[in-house]
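Colleague: Sharing a model prediction with you, sequence too.
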Amino acid sequence: METNSTTRKNPDSPIRVLVVGAGAIGSFYGGKLAQAGAEVSVVCRSDYEVVKEKGYNIESILGDFHFKPHKVLKSAEEFEDNPDFLLVTLKVLPEIDPVKLIAPAVKNGTTIMLLQNGVDIEKPVANAFPDNQLISGLAFICVNRVAPGEV
């Protein structure tokens, strides 16, 4: 995973990833990024207490693993660092405004990655953050949250 080293305080430090929407998809991909050496923090709504205390236990055909996020936050506003990558894995629902939720964490040089369902989900994010790189992807994986902190 590469990032623009001119925007990072220390290019030799781990890549910082903030996952917004750390449910089944976000925790799985966040865990995989952590296994690859990234410093992964998560914004976690419903399972906050369990994840903060214990992290995630992930059972997978690719191998079971435990993922303890670097930081567990209740909102993106709490993230005090500059994330190199912001991974958005929120469900696309009319009452959820991803721009509003991620705006406090988007800094100069942050690459925004959308792993969400929906059509034209990129437009509001691209319009709100025209100077940031935007990547939109698909998650070809079936994951379920079976209990708090268990995927």
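Modeller: Yep, it's here. Numbering: from 1, shown residues only.
Colleague: count of neighbours near the residue lying closest to D81 once chain neighbours are set aside?
Modeller: With sequence-adjacent residues excluded and distances taken as Cβ to Cβ, 6 or more residues apart in numbering, D81 is closest to R16, at 5.7 Å. For the C-beta atoms, the positions are set from N, CA and C on the backbone; glycine is no exception. For R16, the number of neighbouring residues by other Cβ atoms under 10 Å comes to 22.
Colleague: So R16 sits against P83, correct?
Modeller: Yes. R16 lies in contact with P83 (Cβ atoms under 8 Å); the separation is 5.0 Å.
Colleague: any residues in contact with both of those two?
Modeller: S41 (Cβ atoms under 8 Å, 6 or more residues apart in numbering).
Colleague: what about the residue most central in space within the chain, distance to K123?
Modeller: In the chain, the residue lying closest to the centroid (Cα atoms, centre = their mean) is V19, at 1.5 Å. Using Cβ to Cβ, to the nearest Å, V19 is found at 22 Å from K123.
Colleague: Also V43?
Modeller: As judged by Cβ to Cβ, V43 and K123 stand 22 Å apart.
Colleague: Render the CA-only coordinates of stretch 136-146 in CSV, please.
Modeller: Extracted as CSV, the C-alpha positions of stretch 136-146 are listed here (Å, rounded to 0.1, in the frame of the first residue of the first chain):
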residue,chain,number,x,y,z
SER,A,136,-14.4,3.4,-4.8
GLY,A,137,-14.3,-0.4,-4.5
LEU,A,138,-16.4,-3.5,-4.1
ALA,A,139,-16.2,-6.1,-1.3
PHE,A,140,-16.5,-9.5,-2.9
ILE,A,141,-16.7,-11.2,0.5
CYS,A,142,-19.6,-12.5,2.6
VAL,A,143,-19.1,-11.6,6.3
ASN,A,144,-21.5,-11.5,9.2
ARG,A,145,-21.3,-10.0,12.7
VAL,A,146,-22.4,-12.9,14.9
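Colleague: N57 in helix, strand or coil?
Modeller: strand (DSSP: H, G, I helix; E, B strand; the rest coil).
Colleague: hang on, I meant L33
Modeller: helix.
Colleague: And the pLDDT for it?
Modeller: As predicted, L33 sits at a pLDDT of 98.
Colleague: Repeat that for F28.
Modeller: So, for F28, pLDDT stands at 97.
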